[in-house]
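J.: no sequence for this one, just the structure:
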């Protein structure tokens with residue numbers, strides 16, 4: 001099986017996509033799971049729900065549609081590195097689990113793939 005050559009996705013586009021995902025999940029965590037009080041009082045209560053929501057949103061949407069909320073807004077999608085097909089739920093879970101510790105998402109190889117992409121056999125490509 002030969003692997004396709006995929007054009008690199010800019011780091012800026014990747015960062016904007018994950019930031020949009022993070023902000024959306026943070027807004028939901030603050031609104032629904034952080035209790036009441038002032039904004040600064042609710043922030044500590046939103047940390048764990050934020051991580052749970054981000055994990056669920058990212059892994060479910062990537063597994064089902066090939067793109068998270070942020071990916072879709074910036075025109076990206078996740079595909080299998082080996083053949084460009086739809087990612088499996090297992091690949092989406094591995095990718096997400098390794099994405100949350102940010103260092104794995106910002107270290108790249110010569111193909112522009114992060115550790116999370118190499119271990120899950122996925123790659124982020126432009127969808128437009």
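T.: Arrived safely. Just so it is clear, the structure is predicted and the values come from calculations on it, not from any experiment.
J.: so which residues of this protein form helices?
T.: 11-28, 39-42, 47-65, 69-74, 89-99, 115-120 (DSSP state H).
J.: and the fourth one, what does it pack against?
T.: Translated: helix 69-74. Here helix 69-74 touches helix 11-28, helix 47-65, going by 3 or more Cβ pairs under 8 Å, 6 or more residues apart in numbering; DSSP states H and E. C-beta here means a position set from N, CA and C on the backbone, and glycine is covered the same way.
J.: got these as TSV, with mean pLDDT and distance to residue 114 columns?
T.: Below are the helices and strands packed on helix 69-74 laid out as TSV (pLDDT from 0 to 100; distance: least, Cβ to Cβ, whole Å):
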stretch	mean pLDDT	distance to residue 114
helix 11-28	91	8
helix 47-65	93	14
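J.: and those: which comes nearest residue 71?
T.: Smallest distance to residue 71 across the helices and strands packed on helix 69-74 (Cβ to Cβ): 4.8 Å, for helix 11-28.
J.: which stretches of the protein have low pLDDT?
T.: By pLDDT under 70, the weakly predicted segments of the chain are 1-4, 102-106, 128.
J.: so which residue is smack in the middle of it?
T.: By Cα atoms, centre = their mean, the chain has its centre lying nearest to residue 58, at 5.1 Å.
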